[in-house]
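[1] sequence-free structure coming up:
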């Protein structure tokens, strides 16, 4: 294959007239294709900073491999990124298919979410319904299934590979020749989260309501099963022995399994009793709860299987807020191989922040990969990072240094009068402590939030203002504060993960380097929120002297390192 000619063809057919490759972009595409053709290495790590054009790289690589008769996937970490890719497909005239999860589509027959659509509720073969050809979900699925390159999110792709494909003779989305993974630094967290069952009051409430429904409508009497499940969860709350916890999880599986049979009975009843009419709201809600119970069973079943295949010592019971308990697995290499690497084929993993590539490869269980690094094309001359290296904000030191932190942040806010900014705090508690100790003038400019919806609201308020500061702990990723939306940012505390989290503490004891690496990764993600293009700029202040630990361990990228100005 003449890669240069194919790349020129891609440019002429799909890219706008006058398009110029960014620095390293064309070379990265060629290296990735060459690596695939050589067949010696199954993975490429593309370290590409913001503004380097990762989406065009992924599209060009996919299209050229398609020309060789190869099929593949592009995976996005969330819906926002997936929708950005969809816009690019449309802009450049690429006719590839894209598919999201069921709840992103409405049933055009009953106007419910697709998971509660007519065919799902009544157990009808969707292909026999008159609306099948116009159904948003099935139309998207059909197009994506025959597309040489298909776009989807990680969660949907993993469900297809690890569940749906195992029960279909002719699956819609079988493993393909290549998989391109965007926002690759999130892969391990996504896989871990997908196979970490959760138990607690919310889950118990759903099971209780389903139990009551089954009894009321004479589907089945599972009262004893519910009582048993409730008692087992209470035992789990009080138990710490890993062997006993594993047995308790097996006991829950035993008592949940009858609910799966009752769910099948319920769906059969709906099909018989409501062949033409919409079933009552209570019935639709029960069916939704049945799907939730089925998912819970599958998650616990997979988790038990993983722990038994590795060791009970990998079981981590991890209490969360509001009485919820998450079960994590320490053997993440096994998780990655079983549920991810097994299906990807030739894999390209892209991110703007890998921090330390060697630690990243160890993290996601890849031993041999080609590493490609693109240099940033941004002009950071107006974007210095001022580092205050005298006072640490770690657990042991923060109490003594809080008065200085409050005063320093207050002064920095005043120095940036008339400009929008962002303050990274690492926790809601520190957010409120800072807010309550600012001057009245500064408090009037600061926007704080609690929960996802409030965060969306204050983000919109920030974007229509010119003198506001957004402050909170969950602003490190997923927000785009370009140009005047943010001209300065303050890092009040290095975003180390909480050692109150048992899983984090257990991982730290096994691999101390991981803990620092994760903090560096999060920090670089946060610093990147305010500089989104070549002509953008923002001033950054790091007020936590714990930053020196990351510098000493060489965990900070050269792009960040060159911008540091020490304030003593």
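    Received it, and whenever you're ready, just let me know what you need. For clarity, every value in this text was computed on a predicted model and none was experimentally measured. Numbering: from 1, shown residues only.

[2] Just the mean pLDDT for stretch 62-81, thanks.
    Rounded to a whole number, the mean pLDDT of stretch 62-81 is 95.

[3] Pull the residues that contact it.
    With C-beta atoms under 8 Å, 6 or more residues apart in numbering as the contact definition, stretch 62-81 has outside contacts at 1, 3, 6-7, 10, 14, 29, 33, 36, 58-59, 82, 85, 94, 96, 100, 104, 148-154, 157, 173, 176-183, 186, 190, 345, 478. For glycine as for every other residue, the C-beta is placed from the backbone atoms N, C-alpha and C.

[4] Which of those residues fall in strands?
    Assignment to strands by DSSP state E places the following of the contacts of stretch 62-81 there: 149, 150, 151, 152, 153, 178, 179, 180, 181.

[5] Give me the phi and psi for the closest residue to the fifth one other than its chain neighbours.
    The spatially closest residue to residue 153, leaving aside those adjacent along the chain, is residue 76, at 5.2 Å (C-beta to C-beta, 6 or more residues apart in numbering). Comment: the main-chain dihedrals of residue 76 come out as phi -110, psi 150, following degrees, to the nearest 10.

[6] Please point out which parts of stretch 123-132 sit buried.
    Buried positions in stretch 123-132, judged by neighbour count with 16 or more other C-beta atoms under 10 Å: 126, 129, 131.

[7] Looking at those residues, which one is closest to residue 286?
    The nearest member of these to residue 286, counting by C-beta to C-beta, is residue 126 at 21.0 Å.

[8] If I look at the closest one, what pLDDT would I see?
    At residue 126 the predicted local distance difference test score is 88.

[9] Now do the contacts for the residue lying closest to residue 310 once chain neighbours are set aside.
    Nearest in space to residue 310, with sequence neighbours left out and distances taken as C-beta to C-beta, 6+ apart, is residue 331 at 4.2 Å. Each residue near residue 331 by C-beta under 8 Å, 6+ apart is listed here: 306, 310, 311, 314.

[10] how far away is the closest residue to residue 392 other than its chain neighbours from residue 331?
    Leaving out its chain neighbours, the residue that sits closest to residue 392 by C-beta to C-beta, 6+ apart is residue 545, at 4.5 Å. As defined by C-beta to C-beta, to the nearest Å, residue 545 lies at a distance of 35 Å from residue 331.

[11] and what of residue 362?
    With distances defined as C-beta to C-beta, the gap from residue 362 to residue 331 amounts to 14 Å.

[12] again, but for residue 462
    Using C-beta to C-beta, we find residue 462 at a distance of 42 Å from residue 331.

[13] now residue 100
    Counting by C-beta to C-beta, the gap between residue 100 and residue 331 amounts to 31 Å.

[14] now do residue 192
    According to C-beta to C-beta, residue 192 and residue 331 sit 11 Å apart.

[15] Equivalent analysis for residue 522, please.
    Applying C-beta to C-beta, the value for residue 522 to residue 331 is 23 Å.

[16] Repeat that for residue 213.
    In this view, residue 213 and residue 331 are 38 Å apart by C-beta to C-beta.

[17] try residue 425
    Using C-beta to C-beta, residue 425 is found at 33 Å from residue 331.

[18] before we move on, the earlier item: need the phi and psi values for the residue nearest to residue 310.
    Here the main-chain torsion angles of residue 331 (degrees, to the nearest 10) amount to phi -80, psi 70.

[19] Kindly list the longest helix within this protein.
    With DSSP state H applied, the helix covering the greatest number of residues in the chain is identified as helix 242-273.

[20] For the helix or strand that it is followed by, which residues meet the burial criterion?
    Using DSSP states H and E, the helix or strand that follows helix 242-273 in sequence is helix 281-309. Of the residues in helix 281-309, those buried by neighbour count under the rule 16+ other C-beta under 10 Å are 283-284, 286-290, 293, 296-304, 306-307.

[21] so helix 281-309 versus helix 242-273, what angle?
    Following axes from the mean of the first three to the mean of the last three C-alpha atoms, to 10 degrees, one obtains 150 degrees for the angle between helix 281-309 and helix 242-273.

[22] right, and the helix or strand after helix 281-309?
    strand 315-319.

[23] Which residues does the helix or strand following that following strand contact?
    Helices and strands here follow DSSP H and E; after strand 315-319, the next one along the chain is strand 325-329. By C-beta under 8 Å, 6+ apart, the surrounding residues in contact with strand 325-329 are 192, 195-200, 236-237, 245, 249, 303, 306-307, 310, 314-320, 335, 502-503, 506.

[24] Buried subset of the residues you listed as a ChimeraX selection?
    In ChimeraX, a selection of the buried entries from the contacts of strand 325-329 looks like this (16+ other C-beta under 10 Å):
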select :192,195,196,197,198,199,200,236,245,249,303,306,307,310,314,315,316,317,318,335,503,506
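
[25] and the gap between residue 457 and residue 272?
    For residue 457, the distance to residue 272 equals 46 Å [C-beta to C-beta].

[26] Hmm, I typed the wrong one, I wanted residue 402.
    With distances taken as C-beta to C-beta, residue 402 is found 66 Å from residue 272.

[27] between these two, who's got more neighbours?
    For residue 402 and residue 272, the more surrounded residue by other C-beta atoms under 10 Å is residue 402, and the numbers stand at 16 against 10.

[28] isn't residue 359 right up against residue 515?
    No - using C-beta atoms under 8 Å, residue 359 is not in contact with residue 515; the gap is 10.6 Å.

[29] which one of the two has more residues nearby?
    In terms of neighbours (other C-beta under 10 Å), residue 359 is the more surrounded of residue 359 and residue 515; the figures are 19 against 16.

[30] Give me the three-state assignment for that one.
    Classification of residue 359 into helix, strand or coil gives helix, according to DSSP: H, G, I helix; E, B strand; the rest coil.

[31] do you know how far it is from residue 169?
    The spacing between residue 359 and residue 169, counted by C-beta to C-beta, is 42 Å.
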